[in-house]
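1. Build the 3D model from these lines:
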Amino acid sequence: MAKLYISCSDDPVYRIVVLDARADTVLQYIPVLGVGSLLWHPVTNRIFCYTVWNEDTVKVVDCLTDQVVNRTPLRTADGLYSWCHNPVSDLVYLAAYRAVFALTPTGDSVAAIIPGGGDDLCAVPLPNNVYGAGNGVVRIIGGGTNLVIDSILVGGGWMNLVYDPGHKKVYCSNASARKVDIIDARADTLIKTIPLGRSPGVLCWNSTNSRVYITDFMDNVVYVLRDTSVGVYEGRAVTKRGGWREATLTRGAFLWSRNETGALLDVSGRKVADVKPGRNDTHALAPGVYTVVTADAACGLRVVKIR
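-> Numbering: from 1, shown residues only. You can find the predicted model right below:
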């Protein structure tokens, strides 16, 4: 059965809601007082969770019976944050304020305690590492030893991580420093920093088009990042052909001066219209920033702002 587990920590709910993902109906409620974030272990088919009112214990739910089957003490009350699963070692990692806990696949014991906690975690299966971010530092934990093998100072705080396995890069948003740092996960080195808005937060990697999405609740926007190597390649090709110095501003139409056809994409990368040589009508489009791309990416791109 396809199930969806939702944590509800607000009074008076205090429970995990189990949904039938096919019928969109509630199957069961699992009472867990003040439940926090959840993690599903794909091998043992168990849900790992902690409670915001009892931050020294991890609870483990068996997804076959939807019952709590383990309660594992952590010996900390410093605040618990995020989870990740390392598919190589099969361990579950939990970030706390002062340490990272590695738990066994069944959740019945703590396999290791790694000093230096943080805000977020992500697994980098090759070469079997776990990245932890917090307090202005990105720490690299060796999955085989559960020891910190390297660290990268980036400054700031309130950090989130996501891993792009296609390009072997880790993206680290930084709300305090208002930026995102891009790390080469093969060399564990910082390769690029991009300034963002007032509060860049949670990240998501899209495997279809290899883009990273970053939320910003203070600016009410979502940033969309393409892989930097693609961006450099396109920028170099545009410059070689003359390039465009600024965006084309249009109220109802814009002129496409090239002979080839293309596509008009919105900020999320979704195609909203075909582009043909000559005049292209934009009356049906909402105000925003759009990008014209051609079948040959080397031909370049052109940003069009509809107003």
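
2. Give the residue spans of the stretch 101-250 of the chain that score low on pLDDT.
-> Counting by pLDDT under 70, the ranges of the stretch 101-250 of the chain that qualify are 228-250.

3. Just after the top strand by length along the chain, pick out the following helix or strand.
-> Criterion DSSP state E: the longest strand present in the chain is strand 54-62. Scanning forward in sequence from strand 54-62, with DSSP states H and E defining helices and strands, the next element found is strand 67-73.

4. ok, then the element right after that next one?
-> Tracing the chain C-terminally past strand 67-73 and defining elements by DSSP H and E, one meets strand 80-85 next.

5. tilt between that next one and strand 54-62?
-> 30 degrees (axes from the mean of the first three to the mean of the last three CA atoms, to 10 degrees).

6. Pull the helix or strand following strand 80-85 out as PDB, backbone CA atoms only.
-> Using DSSP H and E, the helix or strand that follows strand 80-85 in sequence is strand 92-96. The C-alpha coordinates for strand 92-96 follow below in PDB (Å, rounded to 0.1, in the frame of the first residue of the first chain):
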ATOM      1  CA  VAL A  92      20.200   7.300   9.800                       C
ATOM      2  CA  TYR A  93      21.700  10.600  10.800                       C
ATOM      3  CA  LEU A  94      20.000  13.200  13.000                       C
ATOM      4  CA  ALA A  95      21.300  16.800  13.500                       C
ATOM      5  CA  ALA A  96      21.100  18.300  16.900                       C
END
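
7. Which elements pack onto strand 92-96?
-> Applying 3 or more CB pairs under 8 Å, 6 or more residues apart in numbering; DSSP states H and E, one finds that strand 92-96 makes contact with strand 46-51, strand 80-85, strand 99-103, strand 120-124, strand 129-134. The way it works is simple: take the backbone N, C-alpha and C, and place the C-beta from them, glycine included.

8. circling back: which of the residues in the longest strand of the chain are buried?
-> By neighbour count with 16 or more other CB atoms under 10 Å, strand 54-62 contains the buried residues Glu55, Thr57, Val58, Lys59, Val60, Val61, Asp62.

9. and the third one, what is it in contact with?
-> Translated: Val58. Counting by CB atoms under 8 Å, 6 or more residues apart in numbering, Val58 makes contact with Phe48, Cys49, Tyr50, Asn70, Arg71, Thr72, Leu74, Leu94, Phe101, Leu103, Gly107.

10. the strands in the stretch 201-307 of the chain, which residues?
-> Along the stretch 201-307 of the chain, counting by DSSP state E, counting those that start in this stretch, strands occupy 211-216, 221-226, 248-250, 253-256, 262-265, 271-275, 278-281, 288-294, 301-306.

11. Now mean neighbour count too, for those, in TSV please.
-> Formatted as TSV, the entries for those read as follows, by neighbours: other CB atoms under 10 Å:
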stretch	mean neighbour count
strand 211-216	19
strand 221-226	16
strand 248-250	14
strand 253-256	16
strand 262-265	20
strand 271-275	15
strand 278-281	12
strand 288-294	17
strand 301-306	18
